[in-house]
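Undergrad: Sequence and predicted model, in that order:
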Amino acid sequence: MFHLFTPSKAHYPQLLAVWESSVRATHHFLQPADISFFKKTIQEKEVFSQVSLIAVQDENNRLLGFAGISGNRLEMLFIDAAERGKGLGKNLMLHVINNCNVTKVDVNEQNAEAVNFYKHFGFKIISRDEIDGTGKPYPILHMER
C-alpha cells in the first residue's frame, strides 16, 4: 500500500537518495563522474525547491519515488530502484497528467525505457537536442501529448 503526498525540505535527502538509486538503475549511459556531477548540481542549485513535488510513500512512510512539475512540464520522475515495476511510476504519471495538467516532458534519448514509458501515456517526440542542458553529450528528446 502507498499514498501520494507533498514532500517538504526535510525530505530532500530522501528524494536525492531515490534520485540516485533510480539513475544508477536506469541511466546506464552515464559515467560515475556524471552521476556525481548531477547529484552535486541538484544539491547546489536546490533543484527540488524549484519544482512542485509529489512523492509516494509506503505504509511505513518510506519514500519510494517522486515527480517534480513546473507549469505543465514534468521536470523529473524517479522511482527507487528496488520499487521499479510495481506501478508507482504509472500512478505518479497518471496523477500528474490528470491533476496537474502535465503535457510536456524532456527525456534522455539513451534512456529508451523512459522514452517508451512516456510514449505509453501518449507523449510524442516533437524535437531533439544533441546535448543536455549542462552541455554534456546526452541527447534530449522533447515530448508532448
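TA: Cool, the structure landed. Residues are numbered from 1 along each chain as shown.
Undergrad: hang on, isn't Asn101 packed against Asn72?
TA: Yes: Asn101 is within contact range of Asn72, at 5.2 Å (criterion: Cβ atoms under 8 Å). The way it works is simple: take the backbone N, C-alpha and C, and place the C-beta from them, glycine included.
Undergrad: more neighbours, these two?
TA: Asn72 (13 against 10; other Cβ atoms under 10 Å).
Undergrad: check contacts around the more buried one.
TA: For Asn72, the contact set (Cβ atoms under 8 Å, 6 or more residues apart in numbering) comprises 100-104.
Undergrad: Distance of the closest residue to it other than its chain neighbours relative to Ala67?
TA: Spatial nearest neighbour of Asn72, excluding adjacent residues (Cβ to Cβ, 6 or more residues apart in numbering): Thr103 at 4.8 Å. In this view, Thr103 and Ala67 are 14 Å apart by Cβ to Cβ, to the nearest Å.
Undergrad: higher neighbour count, those two?
TA: Ala67 (24 against 16).
Undergrad: Quick check: beta-bridge partners of the more buried one?
TA: Judged by DSSP bridges, the bridge partners of Ala67 are Ile54, Leu77.
Undergrad: measure the residue nearest to Asn72 to Phe48 for me?
TA: Thr103 is 22 Å from Phe48, by Cβ to Cβ.
Undergrad: which residue ends up closest to the midpoint of the chain in space?
TA: Among the residues of the chain, the one closest to the centroid is Leu77, at 2.1 Å (Cα atoms, centre = their mean).
Undergrad: Thanks again, I'm all set now.
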